[in-house]
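Enquirer: Sequence first, predicted model second:
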Amino acid sequence: MATNTREIPAVPEQVWSVLADPEKYSDWVVGAKEVRKWEGNWPAKGSRFHHTVGVWPLRIRDATTVLESERPQRLVLEAKIRPVGFARIAFELSPSERGTRVSMTEEPSAPRVARAARRLFDPAIFARNSEALRRLENLVCEAAG
């Protein structure tokens, strides 16, 4: 399990507004190339978006589904990661002196995969998610003006 945190100089509702926009995911999620469409009232529980990840010729079409949604403090997603399986990504937003403390925790959904892959993949996931939170902060700050 890889957990990253970042202080973003904006109130939780401003951070949530970026998380609640499925079209923005390809702007801040590292590796995401495009969001093709979404179903349901994103980010309501059960809603999902379809996205493309990777670079040519290894582009994969996958989907991400909302497992939990509590505006503006918690969003839990399940991302399909072919051919490996699924990952569970939880965002926790809490007010802080600087604005909002965002915690992002990612782990494989299958316990056996999680145990086997943890030492191998956690450092790479941590680095990728650190960059993702930096990009998220930039989008939030741009939107806040």
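Expert: On my side now, so go ahead.
Enquirer: going forward, measure contacts and count neighbours with C-alpha atoms only.
Expert: Noted.
Enquirer: So what's the residue count around Glu34?
Expert: Residues contacting Glu34 under the criterion other Cα atoms under 10 Å number 16.
Enquirer: Would you double-check that it falls in a strand?
Expert: Yes. Counting by DSSP: H, G, I helix; E, B strand; the rest coil, Glu34 is located in a strand.
Enquirer: Can you verify my assumption that it contacts Ser26?
Expert: Yes. If you go by Cα atoms under 8 Å, Glu34 and Ser26 touch, sitting 5.3 Å apart.
Enquirer: State which helix of this structure is the longest.
Expert: Criterion DSSP state H: the longest helix present in the chain is helix 111-144.
Enquirer: buried residues in that one?
Expert: For helix 111-144, a neighbour-count test (16 or more other Cα atoms under 10 Å) marks 114, 122, 125-126, 129-133, 135-140 as buried.
Enquirer: Helix, strand or coil: sort out the residue of the chain most remote from its centre for me.
Expert: When distances to the mean C-alpha position of the chain are computed (Cα atoms, centre = their mean), the maximum falls on Pro57, with 24.0 Å. With three-state DSSP as the basis, Pro57 sits in coil.
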